[in-house]
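Participant: Just need the structure, nothing else, for what follows:
(chains A and B)
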Amino acid sequence: MISVQISEIIKSYGKKIALDNISVSINKGELFGFIGPDGAGKTTLFRILTSLLIPNHGFAKVENLDVVKDYKNIRKIVGYMPGRFSLYQDLSVEENLQFFASVFGTTIEENYHLIEDIYVQIEPFKKRLAGNLSGGMKQKLALSCALIHKPEVLFLDEPTTGVDAVSRKEFWEMLKKLKNFGITIIVSTPYMDEAELCDRIALIQNGKILSIQSPQKIISEYKLPLIAIRSDDMYLLVKDLKNLDQTNSVFLFGEYVHFTSKLSKINIETIEAFLSLKGHTNIKFKNIKPDIEDCFMALIENDRMSK
Amino acid sequence: MRTILYLLQKEFIQIFRNKTMLPIIFILPIVQLIILVNAATLEMKNIDIVVVDNDLSTSSRKLTAKFEGSKFFNVNEFTFSIEKAKQELLKNEADIIINIPSGFEKDLFSQEKTKIQLLINAINSTAGGLTNFYATMVISDFNKNIISENINILPLKSYKNINVIPKFWYNPELNYKIYMLPGILVILVTVIGMFLSSLNLVREKEMGTIEQINVTPIKKYQFIAGKLIPFWIIALFELAFGLIIGKLLFQVPMIGSLFLLFGFASVYLLVMLGIGLFISTIAENQQQVLFINFFFLLVFILMSGIFTPVESMPDWSQKVNIINPLAYFMKVIRMVLLKGSAFNDIKKQFFSLLVYASIVLSLAVWRYRKVV
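Facilitator: Predicted coordinates:
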């Protein structure tokens, strides 16, 4: 069953096209991720789906309600957590939750089971003002507030941006649990490692969707020969590798560069000889499996080549 | 309806949690009323005189003494040189020069008339006019004394004139403070209500909290009502508080019905808060709200007749005042407090503001967008 249907959505701000003909169908109860860099159009899409923006073209339906015509009903059934912390900083944890429960005509008690796992973690601080919470706790409170009216669809716009690694992990575990309540969860993130935790993801760049797949499928479709290389001078390494004939792409990933070749199989000896000639020392090779980020880079490259 | 109650509850928690709010509500009016009412007066006291007395006669000394005896004047200096006196005027050490020429007394008794010269600093034309008025009063009083003292030697014809005794209604002592206090109170109540409500709304935009509110089923009118009502209550409270200060410190008369005054103020505040909220639905941030509010408020205040009567303004500006809510309240608060006007006397203003309020509030609700 389809929960959210996005069909040929175009949205532009003046001459700048934020969303360029986007179509996606998201199933009921799915944990769906929009993965893309800043400025890809994720927030614009979320605003359209939560009835805060009107698209220039195309339509979108959430639980069979049109986001433009039925916006009043949409607001009753969606939970939205904006990228920027948007709760009242001068109200306490408890007061914020109470307020959002009451404007949706419900009570904390009625839907406590939904937020229990999350709320118990911030309950010891329930008298504290929301503005004085740490980043991770703010996210938990925001998630609780977005859930308190038992939404059918939950929109989380970059929920983990600016949150520490431990809290990020916890946050995703909570999302997994929420799936058990049958809530469709749509999340956007610039972090590629989070993509693998989604059921399906859409890779989005410059307002266009490059691919919609399960993360495993995206990775399994990655066919390029890939290897990780490092040497003492990483900057020169990237520069030099780009001049090699067989090079398809070179990207710096932490302490290694990820190198893909135009050849069907990477010839390590040739590369090593080439690099030694260029004066690199301490050259190391490592066989790696592609991750989402490699796929994303490859897709962007493909997209660029096809133009 | 319950949603509005929840919104109000939230607003009041936030208002009273804000540490600057209580001083604004309680200290600001006390300080403003005490300072402004005492300072913003058109009554002139301590007018500095330089007397140039070239006559040195009994009569010239009597005239000078009359000025010295008046509570409005201070005789600062006696001199014989008009040039020196003019220097004092230039240096701003004197407000008026009384030039008594030699032969003043001689002419007074031999020719039945004499001359003195007044030179008045009229940089501030109002002050200059008042100085002239006060000085002329002193001199004419002196004149009457001369006539009555010398009734036997002067011919009768000179004092057969109409004797006018003015009686000043509604403010018999011409006490400027009880005229100014209601006016300043209007400004105070307006500033508090209008600024606090509009800043509060635009702050939700700045903080991004409006984005969360916009995806809730809260209706537009509910949201505007939630922003309007708390500050409407605070402003009415402010009016009551200001009136108490006025009664205790300045003995402002309250001849008319206070119930009527508050009824009128309620409608008036709907207009001003409505304008403020309308502005903040358009503006992006607090800075813009402040500047736009200031612009309108300044024009409204200066045209409202707080200092200068609206009737003395040119015709076109009196017409502009039709859209100036402050002018209505400025007039009505003085009518009710000082004159004891009843509803029948102010019903034109009342219904005008009622229409005005419904227009600006509809505009504010209409302009508030839940869609970005």
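Participant: Per-residue pLDDT of the residue nearest the centre of chain B, please?
Facilitator: For chain B, the residue whose C-alpha lies nearest the mean C-alpha position (Cα atoms, centre = their mean) is B:I306; its distance is 3.7 Å. If you check B:I306, the pLDDT there is 84.
Participant: wait, isn't it in contact with B:P182?
Facilitator: No. B:I306 lies out of contact with B:P182 (Cβ atoms under 8 Å); the separation is 9.4 Å. All C-beta spots, glycine's among them, are computed from the backbone N, C-alpha and C.
Participant: Please enumerate the shared neighbours of these two.
Facilitator: Residues within reach of B:I306 and of B:P182 at once, by Cβ atoms under 8 Å, 6 or more residues apart in numbering or on different chains, are B:M330.
Participant: Give the other helices and strands that the helix or strand encompassing B:I301 contacts.
Facilitator: Using DSSP states H and E, B:I301 sits within helix B:286-303. Helices and strands touching helix B:286-303, by 3 or more Cβ pairs under 8 Å, 6 or more residues apart in numbering or on different chains; DSSP states H and E, are helix B:176-207, helix B:258-282, helix B:325-334.
Participant: Identify the residue nearest residue 278 in space, chain neighbours excluded?
Facilitator: This is for chain A. A:D240 (4.8 Å; Cβ to Cβ, 6 or more residues apart in numbering or on different chains).
Participant: not what I meant, chain B
Facilitator: That would be B:A364: by Cβ to Cβ, 6+ apart, it lies 4.2 Å from B:F278.
Participant: so who does that neighbour touch?
Facilitator: By Cβ under 8 Å, 6+ apart, the contact set of B:A364 is B:I224, B:G274, B:L277, B:F278, B:T281.
Participant: Dihedrals phi and psi, it?
Facilitator: Per-residue torsions, B:A364: phi -60, psi -40 (degrees, to the nearest 10).
Participant: so where do the strands sit in the stretch 1-150 of chain A?
Facilitator: Remark: strands assigned in the stretch 1-150 of chain A by DSSP state E, counting those that start in this stretch are A:2-13, A:16-27, A:31-35, A:57-62, A:65-66, A:78-81.
Participant: Distance-wise, check A:K307 relative to A:K208.
Facilitator: Counting by Cβ to Cβ, to the nearest Å, the gap from A:K307 to A:K208 is 11 Å.
Participant: So between the two, which is more surrounded?
Facilitator: With other Cβ atoms under 10 Å in any protein chain shown as the criterion, A:K307 and A:K208 differ in neighbour count, and A:K208 comes out ahead with 16 against 4.
Participant: distance of the residue located most distally from the centre of chain A from A:K265?
Facilitator: No residue in chain A sits farther from the centre than A:L277, which is 41.7 Å out by Cα atoms, centre = their mean. For A:L277, the distance to A:K265 (Cβ to Cβ) stands at 22 Å.
Participant: State which one residue of the stretch 201-307 of chain A is found closest to chain B.
Facilitator: In the stretch 201-307 of chain A, the residue that lies nearest chain B is A:G207 (17.2 Å; Cβ to the nearest Cβ).
Participant: Check the gap between that residue and A:D66 for me.
Facilitator: 22 Å.
Participant: swap in B:F259?
Facilitator: 52 Å.
Participant: Check B:P101 too.
Facilitator: As judged by Cβ to Cβ, B:P101 and A:D66 stand 95 Å apart.
Participant: Give the rounded mean pLDDT of stretch B:36-47.
Facilitator: Stretch B:36-47 comes out at a mean pLDDT of 77.
Participant: chain center to it, what's the gap?
Facilitator: A distance of 12 Å separates the centroid of the chain from that of stretch B:36-47, by Cα atoms, centre = their mean, to the nearest Å.
Participant: Could you do stretch B:357-372 as well?
Facilitator: Taking Cα atoms, centre = their mean, one finds stretch B:357-372 lying 32 Å from the centre of the chain it belongs to.
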